[in-house]
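Colleague: Predicted structure and sequence below. I'll ask about it afterward.
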Amino acid sequence: MSDHNTFWGSVRQRDVLVGFGFFIFANVLLLGIVALANDVVASGGSSGVQVAFAIIVVGLNFMLWLWNDSGIKDVQASTKDILAEDRDLAISQNFIKAPWAMYRALVAVITVAVAGGLLFAVFS
């Protein structure tokens, strides 16, 4: 890859890692809120608070899914910028053949499962 394309590919790879870190941090924080507020919710807490929390969970996880999905899509696009003389390298071949669609689907499934779990915990 040219230096310019290598730069953008590495930026987006770091972006995916940072997005994943934010996903973990935000959802652990939300889970902590659910755990600490469990007594309030269980004893007939405000349904307005539950709805507000649900909106935050859905909105936050949707934005984090967009962040991670677009990052993976851009990293996949960087495989097209590998120079012809580097395409025969084993690492280039592995990078080109990576299961990008599976990565994107896995991020979507995990995001929905985590958000669904948080919502279940709040409304059950």
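Modeller: Yes, it's here.
Colleague: Pull stretch 114-124 out as PDB, backbone CA atoms only.
Modeller: Only the C-alpha atoms of stretch 114-124 are listed here, as PDB (Å, rounded to 0.1, in the frame of the first residue of the first chain):
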ATOM      1  CA  VAL A 114     -26.200  -6.500  24.800                       C
ATOM      2  CA  ALA A 115     -28.800  -3.800  24.300                       C
ATOM      3  CA  GLY A 116     -31.600  -6.400  24.500                       C
ATOM      4  CA  GLY A 117     -30.100  -7.800  27.700                       C
ATOM      5  CA  LEU A 118     -30.000  -4.400  29.300                       C
ATOM      6  CA  LEU A 119     -33.500  -3.600  28.200                       C
ATOM      7  CA  PHE A 120     -34.700  -7.000  29.600                       C
ATOM      8  CA  ALA A 121     -33.000  -6.300  32.900                       C
ATOM      9  CA  VAL A 122     -34.700  -2.900  33.200                       C
ATOM     10  CA  PHE A 123     -38.200  -3.900  32.100                       C
ATOM     11  CA  SER A 124     -38.500  -7.400  33.800                       C
END
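Colleague: Flag every buried residue along that stretch.
Modeller: Within stretch 114-124, the residues that qualify as buried are 114-115, 118-119, 121-122, counting by 16 or more other Cβ atoms under 10 Å. All C-beta atoms are positioned from the backbone trio N, CA, C, and that covers glycine.
Colleague: Quick one: residues in contact with stretch 32-41.
Modeller: With Cβ atoms under 8 Å, 6 or more residues apart in numbering as the test, stretch 32-41 has contacts from 45, 49-50, 53, 118, 121-122.
Colleague: Can you flag which of the residues you listed belong to strands?
Modeller: Among the contacts of stretch 32-41, no member falls in strands (DSSP state E).
Colleague: Just name the lowest-scoring one in these, pLDDT-wise.
Modeller: Within the contacts of stretch 32-41, pLDDT reaches its minimum at residue 45, with 61.
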